[in-house]
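My questions concern the predicted model and sequence given below.
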Amino acid sequence: MSNPLADMAKPDVIFCIGTNMTECHPVAATGLKKAMARGAKLIVADPRRIKLAELADVYLPIRVGSDVALLLAMAHVIEREGLMNRAFIEHRTAGWEDFRRNLKAFTPEWAAAICEVPAADIERAGLIYGRGRPAAIYYTLGITEHICGVDNVQSLCNLALMTGNLGVEGGGINPMRGQNNIQGCGDCGAETFVFPGSVKIDDVAARDKFANAYQRPDLDLGQAMTKVTGLQECGKSIHAMLIDGENTVVSDPDRNHCEHALKSLDHLVVIDIFMTETAKLAHVVLPATAWAETDGVACNTERRVQRLRAAVPPPGEAKPDWWIIAEIAKRLGIPGFDFQSPADVFNELCSLSPTYGGLDWERVSRESLNWPVPTKDHPGTPILHTEGFTNGRGRFMVLGYRDPAEVVDDAFPVWLTTGRRLQSYHTRTQTGRASGIDYLLSEESLEVNPADAEAWGFLDGDWAIVTSRRGEVKIKVRSTDRSPRGTVFASFSFADVPVNNLTGSGYDPTTHTAELKVCAVRIERAPVTLESAHDPREPENAHAR
Amino acid sequence: MSATATERELTMTLDGEAVGFRAGETIYQVAQRTKKSIPTLCYDERLEAFGACRLCVVEVDGVKAPVASCTTKATAGMVVRTDSPIIEKYRKTLLELVVSENREVDVSPLRGFASQEFTTLVDRYGARTGRFKGRQSGTSNKTDDNPFILRDYDLCISCYRCVRVCAEQEGDYAITMMNRGFGTQITTEFNGRLKDSACTFCGQCVQTCPTGALADKKALRAADLPGEIAKTRTICPYCGVGCSVDLLTKGDRLIGVQPAMDGPANQGALCIKGQFAFDFVQHDDRLKKPLVRQPDGSFKETEWDEALDLAAAGFRRSLKEHGRRSIYGIASGRAPHEAAYSMQKFIRAGFGTHYIDNCSRA
């Protein structure tokens, strides 16, 4: 996030797109509700009529994957009405004139045909966002999990740049990160394209620095492989894999492909706290300590670096992840793994990361700061870009709209979009084992618009077979106004309803993020079998109760 | 006049001492800041002042009756006494009345974060005198079968903190009050189960309840477990908001979670996952020993040394047979920095590649 969570109660205008915040980041959503109680206006763009939509001043139920068209048309309206922040554009940005010329064609009427929402609503959204001082953008995976994820984010940047809503209190562009430490994972360099501190791997000085620090003179410059490619290469060029705490098989798109990939490895080592569907495919499974048992550090979505503290001992012989990884490394003769404590590991990270340069174990144990914290006396940086952008000027990106990787057709006439639910977290390895959660959410269901359910001949609770070009899944139908006509929804949380059998139609060419939010499916009545006469679910989590 | 000049000039007298204040501050807020211990039961600093419990009354010069300090704004030159004998006697009487309405005063601290407020004040004022006897207010809901929130309204004192936190803090408006006087009852629409209301089971009502009338059913499972309750400050393991929480433990058992009221990301707020989904940690399914796959596909528990040797041997073999570009690492977005940092170092230092990723692409 460019701005801190505390800013969420401050905007005049809030634009939420591709974020089901009341379910996925409920505590953050309380800030938005407070802003609205204060009189802030809310624009929500989401294919599903989520709870935020009910609170919105303008709700845009855009067709899945049509975000760029909406955002271009909003920019068109802002430009046409002269609602830009001219001083900001002049002093802080580059590429305005090219961007502006490109906008002319992208009228609300043009976007309305793509987004399947009224042009007048797009017009209103543009006017409201354009007049907001400050106006804040919040988004989540509904923006990034598309083949045009980068274009979506750039489109949001364009809006914020043209209205000068960056570097100001209560404004900004604010991605809500999904997992407790996914931000921190990237901060630590556990991401393909960056070293610790978000320094690019094709930066010669950074490569040299890490080649030196890690005693690895042949460290690659720029050459890299994302997980998506890595999984495709399993059994071809990739033969051994170390997976720490990820249930890849259930969480990643195209489950059949994933399972096949991991099975074709010569050597798979999984570090986890449970025997997940992924761990079951491993050659060696190593038991890790869990949250509440592990001392460490995590970074939240607002770049706040916070201490995690152990309160109970781990079960059996479970060990901290860092210890396990270090032990394997030492056996392979990899230098620099003589860590004695989590403090040793964290302090090494701080010594190598420019954004963490002012932090150390002792300091994060005492106070929590938003990075960058470049020096020991630096107070942290709650709001980014107040003075300038990292690369000088904020650059407008000239973009166009393109269709999702897969569009509906006669064979696969229904849009499927996927996501999460309030009561479950990811693949339920954790929430599925917390008592009581089943009381509220015990099984997955396919959310279908009531008119579609009637047209397709389904009553609530009927079993459907949903088929995409990659696979099929059997799932119970539940009719709800949350789904628009022609679009159905399911979460991927339940391993026994592997919705990711269906997904994986395409990937963003730059980030390799999967288009989990869109795929084309066909929905048919499941044949009545003895199995479906009783509850066919493997009671995998039943003993959790 | 500039704002700073205004602040400098605004002073009032609190228990004989001159204190400065900011325009808009209530007497209660000024008193809090100057470490006066004014008792309240309906006050939660995150919520609009409500003035229901009347315990925070103070004497103000020139005003005949005592005023509620939580709802009265400080004004320049105001002379206030927070603990005169008359005020203290008045507070004791109020507490004696409230005690008489409730089934019990002493409740387990496992019920919720604020659950000890009432009993603490009753003891501070020596209000267990039995001076009043009569009707009790509130009727516990014994039919709501939800596994999270105990609705023990026999202990309700109608402070409305639960109703207000649900509306003002959560924006959910799931609960409200019906009837008045002794018949006052906290309820949902149509007086049904929480499950059938707008309740999201965030637990905020539980944590702000000053008497334990709303209580954490999951934490209460450990009420009979021996040992002292300890609290450890950490961060919630679920989404990226990073709410601060206090883990409740008895000995080696993790028994519950309470929100940290001073948590920078959450200011006391939590959701159902952070509040109630903690017990996966000590679930029987946890892996306790390293496991090594056998030729028949089953797993066998082994000692760490053997498992680590086998883990390393596989990577060594891959390196030898297929080169350094044959090894890939996937880090976790849930494990701490130390795990993520070690994972990327394992790949970069071990093999000189950037064949490392995490779960953020899916």
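Sure, I can see it.

in chain B, which helix or strand is least confident?
Sorting the helices and strands of chain B by mean pLDDT, DSSP states H and E puts helix B:3-9 at the bottom, at a mean of 54.

next helix or strand past that one?
strand B:11-14 (DSSP states H and E).

That following strand: partners in the sheet, and parallel or antiparallel?
strand B:17-20 (antiparallel), strand B:79-81 (parallel) (DSSP bridges).

Please save the CA atoms from that strand in PDB.
Extracted C-alpha coordinates of strand B:11-14, given in PDB (Å, rounded to 0.1, in the frame of the first residue of the first chain):
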ATOM      1  CA  THR B  11      -7.100  25.600  30.700                       C
ATOM      2  CA  MET B  12      -9.500  24.200  33.300                       C
ATOM      3  CA  THR B  13      -9.100  23.100  37.000                       C
ATOM      4  CA  LEU B  14      -9.300  19.400  37.700                       C
END
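
Can you list the buried residues in that strand?
B:M12, B:L14 (16 or more other C-beta atoms under 10 Å in any protein chain shown). Heads up, the C-betas are built off the backbone N, CA and C, glycines and all.

any idea how far that strand is from the chain center?
33 Å (C-alpha atoms, centre = their mean, to the nearest Å).

And the average pLDDT for it is what?
For strand B:11-14, the mean pLDDT works out to 95.

Buried deepest among the strands paired with strand B:11-14, which one?
strand B:79-81 (a mean of 18; mean count of other C-beta atoms under 10 Å in any protein chain shown).

For that one, which outside residues touch it?
By C-beta atoms under 8 Å, 6 or more residues apart in numbering or on different chains, the residues outside strand B:79-81 that reach it are B:12-15, B:27, B:31, B:58-62, B:69, B:87.

Over to stretch A:271-281?
Contacts of stretch A:271-281 (C-beta under 8 Å, 6+ apart): A:242-250, A:259, A:262-263, A:268, A:270, A:285-290, A:318, A:321, A:324-325, A:427, A:429, A:433, A:495, B:283, B:285-287, B:291.

same thing but 6 Å
Applying C-beta atoms under 6 Å, 6 or more residues apart in numbering or on different chains, the external contacts of stretch A:271-281 come out as A:244-245, A:247-250, A:262-263, A:270, A:285-286, A:288, A:290, A:321, A:324, A:429, A:495, B:285-286.

end-to-end on it?
12 Å (C-alpha to C-alpha, to the nearest Å).

Report the rounded mean pLDDT for that stretch.
Mean predicted lDDT for stretch A:271-281 stands at 96.

Please tell me how far the residue nearest to A:T140 when sequence neighbours are not counted sits from A:D46.
Distances taken as C-beta to C-beta, 6 or more residues apart in numbering or on different chains place A:T19 nearest to A:T140, at 3.8 Å, with adjacent residues excluded. Distance of A:T19 to A:D46, given as C-beta to C-beta, to the nearest Å: 8 Å.

of these two, who's got more company?
Counted by other C-beta atoms under 10 Å in any protein chain shown, A:T19 and A:D46 do not tie: A:T19 has more neighbours, with 28 against 25.

Who are the contact partners of the more buried one?
Contacts of A:T19 (C-beta under 6 Å, 6+ apart): A:Y138, A:Y139, A:T140, A:M176.

who wins for most neighbours among these?
Busiest of these [other C-beta under 10 Å] is A:Y138, holding 29 neighbours.

which SS state does that residue fall under?
What DSSP: H, G, I helix; E, B strand; the rest coil gives for A:Y138 is strand.

ok, it touching A:C16?
Yes. Using C-beta atoms under 6 Å, A:Y138 makes contact with A:C16 at a distance of 4.9 Å.

ok, back up a step: can you list the contacts of A:T19 in TSV and add pLDDT?
Below are those laid out as TSV (pLDDT from 0 to 100):
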residue	pLDDT
A:Y138	96
A:Y139	95
A:T140	92
A:M176	92
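
which one of those residues sits closest to A:V68?
In terms of C-beta to C-beta, no member of those lies closer to A:V68 than A:Y139, at 12.9 Å.

mind listing what the closest one touches?
A:I17, A:G18, A:T19, A:P175.

if you look at these, which of them are in strands?
A:I17, A:P175 (DSSP state E).

Who are the contact partners of the residue positioned nearest the centre of chain A?
Central residue of chain A (C-alpha atoms, centre = their mean): A:L141, 4.0 Å from the mean position. With contacts defined as C-beta under 6 Å, 6+ apart, A:L141 is in contact with no residue.

A:N181: neighbour count?
Neighbours of A:N181 using other C-beta under 10 Å come to 34.

ok, it - contacts?
Here A:N181 is in contact with A:A298, B:G333 (criterion: C-beta under 6 Å, 6+ apart).

7 Å instead, please
A:A298, A:C299, B:G333, B:R334, B:A335, B:P336 (C-beta atoms under 7 Å, 6 or more residues apart in numbering or on different chains).

Excluding chain neighbours, give the residue nearest to the second one in space.
The shortest distance from A:C299 to any residue that is not its chain neighbour, by C-beta to C-beta, 6+ apart, is 3.5 Å, and that residue is A:G184.

Next, the one you found: secondary structure please.
Strictly by three-state DSSP, A:G184 counts as helix.

I figured it was touching A:G296, is that so?
No. Taking contacts as C-beta atoms under 7 Å, A:G184 lies outside contact range of A:G296: 9.3 Å.

Quick check: neighbours shared by those two?
Residues touching both A:G184 and A:G296 (C-beta under 7 Å, 6+ apart): B:H337.

which one of those two has more residues nearby?
Taking neighbours as other C-beta under 10 Å, A:G184 and A:G296 compare with A:G184 leading, 33 against 30.

related to what we said a few turns ago, could you dump the strands paired with strand B:11-14 into JSON lines with mean pLDDT added?
Converted to JSON lines, these look like this (pLDDT from 0 to 100):
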{"stretch": "strand B:17-20", "mean pLDDT": "94"}
{"stretch": "strand B:79-81", "mean pLDDT": "97"}
